[in-house]
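J.: quick one, what's the 3D model for this:
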Amino acid sequence: MSTYTTDVHAERVGHLGFITLNRPKALNALSLAMVRELNHVLQQWQDDTQVMAVVVRGSNKEGPFGAFCAGGDIRYFHQAALSGDVMLEDFFTEEYSLNHLIQNYPKPYIALMDGIVMGGGMGISQGAALRVVTERTKMAMPETHIGLFPDVGGGYFLGRCHGPKCPDHMGEYLALTGYVLRGGESLHVGLADVCVDSAALPALWDGLRQQDWVSGDAVTAWLREQCKTTTEQALATVPAWQNASIDKVFGLATVLEMEQALQGSDEWSVQTLKALHHQSPLMLCVTLEQIRRGRQMSLAEDLRMERDMVRHCFQTDHLSRRGVSSETVEGIRALAVDKDHSPKWLPARIADVTPEMVLPFFESPWPASAHPLHHLS
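T.: The predicted structure is shown next:
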């Protein structure tokens, strides 16, 4: 079986399902049509006894692999918010349902995460049974940069970052700064499982297609073996993010306390403070609350919370702000539309954000029985 929509190529070869995200000019950013196609294909394959495992990759302008997925289509978010397009609501409901499906997929789902893996790209890869990165991987949840928050389950998977040397508050650090994990760095924080040279990816892809697999577990075991040497090398390398101050700063109770703790003159403090000062002060505080709540939640609970939050991002009625006046629309305007990189955040300073501004983001606009994700378990 093969389905070739414009932006998603899906085919079954032997006992494996292969998916290629095929929107390379947009770095494979997810549109609503792509989300729907992925949901459709994965639901079909989970009930198909002939499919033992699923493998997903991105496409490139040149060559077989490129960006995995740069996230959701933020230009569409901007247009939809300004025009009042009700499909924007459907996008987040269906995207989060897709994230939940992948996290709970009954067969091995394998993500080949070459190149850029950000935002929505994390949402369709973090639930994988095997998450494969390369030396070209650039992984991040940079949503505070556009006045949003790390959604697609970010409260769940960032709050659970782990590893022998992983700081307890690595999730807060990644969520608030939008720090980009490069290459095998993600192995050290539990956001990837194995690493392989990008040049080996075409042979891996072909090898998966050519063998007669007896089980999904055999597929993941074979891939782990192919990636063993490179993974060991990556784990033996000290990650660039390693710093004893991460827990000291990002374990503090508030973003304001973090800002005050970063007044030192050392390079890490200077660069980290600079990163925070580039983000939306309001959404930094909302994000901190999200990560700390999400750490204690199931995935379904976290996705329902994030669905509430994203509604408030575009319809911030408790602050009398909608559309163009919201942090999210202003952030996207500055980064991707006008590209002046000078967003006008409101409030402009971390010190001016109050709990009364933050806590309504976590109040659901829907009764529990009518929540758009009430069906997730």
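
J.: can you report how many residues neighbour the spatially closest residue to His169 that is not a sequence neighbour?
T.: Nearest non-adjacent residue to His169, counting by Cβ to Cβ, 6 or more residues apart in numbering: Phe250, 4.0 Å away. Just so you know, the C-beta spots here come from the backbone N, C-alpha and C atoms, and that holds for glycine as well. For Phe250, the neighbour count with other Cβ atoms under 10 Å is 25.

J.: quick one, what contacts Met357?
T.: Leu282, Cys285, His318, Leu319, Pro347 (Cβ atoms under 8 Å, 6 or more residues apart in numbering).

J.: list just the nearest of those to Asn22.
T.: Leu282 (36.3 Å; Cβ to Cβ).

J.: wait, that closest one sits on Arg349?
T.: No. Using Cβ atoms under 8 Å, Leu282 makes no contact with Arg349, being 10.3 Å away.

J.: returning to that earlier point: just the buried residues from the contacts of Met357, in ChimeraX please.
T.: Of the contacts of Met357, the buried ones can be selected in ChimeraX as follows, counting by 16 or more other Cβ atoms under 10 Å:
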select :282,285,319
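
J.: one step back: hmm, the residue nearest to His169 is touching Cys161, no?
T.: No. Counting by Cβ under 8 Å, Phe250 does not reach Cys161; the two are 11.1 Å apart.

J.: next, show the common contact partners of those two.
T.: With Cβ under 8 Å, 6+ apart as the test, Phe250 and Cys161 both reach Met170.

J.: looking at the contacts of Met357, which is nearest His312?
T.: So of the contacts of Met357, ranked by how close each gets to His312 (Cβ to Cβ), first place is His318, at 7.6 Å.

J.: per-residue confidence at the residue lying closest to that closest one once chain neighbours are set aside?
T.: Distances taken as Cβ to Cβ, 6+ apart place Pro360 nearest to His318, at 4.1 Å, with adjacent residues excluded. If you check Pro360, the pLDDT there is 97.

J.: one more: Val310?
T.: For Val310, the predicted pLDDT is 97.

J.: let me see the contact set for Val35.
T.: Phe91, Glu94, Glu95, Leu98.

J.: okay, those residues in a markdown table with secondary structure next?
T.: Listed next are the contacts of Val35 as a markdown table, based on DSSP: H, G, I helix; E, B strand; the rest coil:
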| residue | secondary structure |
| --- | --- |
| Phe91 | helix |
| Glu94 | helix |
| Glu95 | helix |
| Leu98 | helix |
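
J.: most neighbours out of the residues you listed, which is it?
T.: That'd be Glu95 among the contacts of Val35, by other Cβ under 10 Å, with 26 neighbours.

J.: any idea how far Gly153 is from it?
T.: Relative to Gly153, Glu95 is positioned 10 Å away (Cβ to Cβ, to the nearest Å).

J.: again, but for Asp85
T.: For Asp85 relative to Gly153 (Cβ to Cβ), the value is 24 Å.

J.: who has more neighbours out of these two?
T.: Gly153 (24 against 14).

J.: tell me, how many neighbours does Arg75 end up with?
T.: Around Arg75 there are 13 residues (other Cβ under 10 Å).

J.: A helix includes it, no?
T.: Yes. Under three-state DSSP, Arg75 sits within a helix.

J.: thought Val337 was touching it, still the case?
T.: Yes. Between Arg75 and Val337 there is a contact at 7.0 Å, judged by Cβ under 8 Å.

J.: wait, a strand at Gln260?
T.: No. Using three-state DSSP, the assignment for Gln260 is helix, not a strand.

J.: could you single out the nearest of the contacts of Met357 to Met141?
T.: For those, the nearest to Met141 is Cys285 (16.3 Å; Cβ to Cβ).

J.: can I assume the closest one is in contact with Ile350?
T.: Yes. Assessed by Cβ under 8 Å, Cys285 is found in contact with Ile350 at 7.4 Å.

J.: about what we covered before: as JSON lines, the contacts of Met357 with pLDDT, secondary structure and distance to Ala140 would be great.
T.: JSON lines is the format used below for the contacts of Met357 (pLDDT from 0 to 100; DSSP: H, G, I helix; E, B strand; the rest coil; distance: Cβ to Cβ, whole Å):
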{"residue": "Leu282", "pLDDT": "98", "secondary structure": "helix", "distance to Ala140": "20"}
{"residue": "Cys285", "pLDDT": "98", "secondary structure": "helix", "distance to Ala140": "20"}
{"residue": "His318", "pLDDT": "94", "secondary structure": "helix", "distance to Ala140": "29"}
{"residue": "Leu319", "pLDDT": "93", "secondary structure": "helix", "distance to Ala140": "27"}
{"residue": "Pro347", "pLDDT": "96", "secondary structure": "coil", "distance to Ala140": "25"}
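
J.: now the helices: where do they sit in the stretch 251-377 of the chain?
T.: All helices of the stretch 251-377 of the chain, identified by DSSP state H, counting those that start in this stretch, fall at 255-261, 267-278, 281-294, 299-314, 327-332, 355-358.

J.: to Leu235, which of those lies closest?
T.: Among the helices of the stretch 251-377 of the chain, helix 267-278 comes nearest to Leu235, with 22.6 Å by Cβ to Cβ.

J.: how about the closest one as PDB, C-alpha atoms only?
T.: Extracted in PDB, the C-alpha atoms of helix 267-278 (Å, rounded to 0.1, in the frame of the first residue of the first chain):
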ATOM      1  CA  GLU A 267      30.000  33.600  29.800                       C
ATOM      2  CA  TRP A 268      27.300  31.100  30.600                       C
ATOM      3  CA  SER A 269      25.300  33.500  32.800                       C
ATOM      4  CA  VAL A 270      25.700  36.300  30.200                       C
ATOM      5  CA  GLN A 271      24.500  34.100  27.300                       C
ATOM      6  CA  THR A 272      21.700  32.500  29.300                       C
ATOM      7  CA  LEU A 273      20.400  35.800  30.500                       C
ATOM      8  CA  LYS A 274      20.500  37.200  27.000                       C
ATOM      9  CA  ALA A 275      18.400  34.200  25.800                       C
ATOM     10  CA  LEU A 276      15.800  34.800  28.500                       C
ATOM     11  CA  HIS A 277      15.700  38.500  27.700                       C
ATOM     12  CA  HIS A 278      14.900  37.700  24.000                       C
END
